[in-house]
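1. Turn this into a structure:
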Amino acid sequence: MAGEQPEKTWKMRVSFDLDEVLFVSPLDHKTEKELPFPWRSIFRERVRLGTPRLIRALQEDGFEVWVYTTSFRSETYIRQLFRLYGVRFDGIVNGQRHAKEVQGRKSEPQPNKLPSRYGISLHVDDESIVAVYGKMYGFDVFELNAQDDDWADKIIERARSIRRKEKERES
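-> Okay, here's the model as predicted:
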């Protein structure tokens, strides 16, 4: 209709750390079924139970889902591993990209993760220091440490809550 503004296509971004968040030990966490041979020989990490469902649910709900890790695993490796679970990430920041784009040539050390640099509103991590960085640099952190059967539902609710607050601020 004449005079109406088109709906904004902005999407909120949610990111996940890999080690101890999406990749966990089956000795103390529930995991997805092991990949079939020969993939399990190439991709040895075990994925936290519910990860593929959670990522797809977030994307279906209109969120972009990223990986933000200090790991130096290649973007190709990460994408290929998760494709075997039917997951496609909207973006990946690994150790190399972070070092280049966040630390760069700055002489003073930068935080080991800076999701706000990439427009990420919610980051899921197991490290308490990342929550401190979140307060300092303007991103929300969901701290995930132990086995939690309700972790996916809690993250979806937190993401929706942050999105509601961000939309209210824009209005």
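2. Val24 is in contact with Thr31, isn't it?
-> Yes. Between Val24 and Thr31 there is a contact under Cβ atoms under 8 Å: 6.2 Å. Every C-beta, even on glycine, is put in place using the N, C-alpha and C of the backbone.
3. which helix of this structure spans the most residues?
-> helix 151-170 (DSSP state H).
4. Contacts for it, please.
-> 12, 14, 48, 50, 53-54, 57-58, 61, 63, 121-122, 124, 140, 142, 144, 148 (Cβ atoms under 8 Å, 6 or more residues apart in numbering).
5. then it to CSV, C-alphas only?
-> Taking Å, rounded to 0.1, in the frame of the first residue of the first chain, the C-alpha atoms of helix 151-170 are listed here in CSV:
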residue,chain,number,x,y,z
TRP,A,151,19.6,-26.5,27.1
ALA,A,152,18.1,-26.1,23.7
ASP,A,153,14.8,-24.8,24.9
LYS,A,154,16.6,-22.4,27.3
ILE,A,155,18.6,-21.0,24.4
ILE,A,156,15.6,-20.6,22.2
GLU,A,157,13.8,-18.7,24.9
ARG,A,158,16.8,-16.5,25.6
ALA,A,159,17.2,-15.7,21.9
ARG,A,160,13.5,-14.8,21.6
SER,A,161,13.7,-12.6,24.7
ILE,A,162,16.7,-10.7,23.4
ARG,A,163,15.0,-10.3,20.0
ARG,A,164,11.9,-8.9,21.6
LYS,A,165,14.0,-6.4,23.6
GLU,A,166,16.0,-5.4,20.5
LYS,A,167,12.8,-4.8,18.5
GLU,A,168,11.3,-2.7,21.4
ARG,A,169,14.4,-0.5,21.4
GLU,A,170,14.0,0.0,17.6
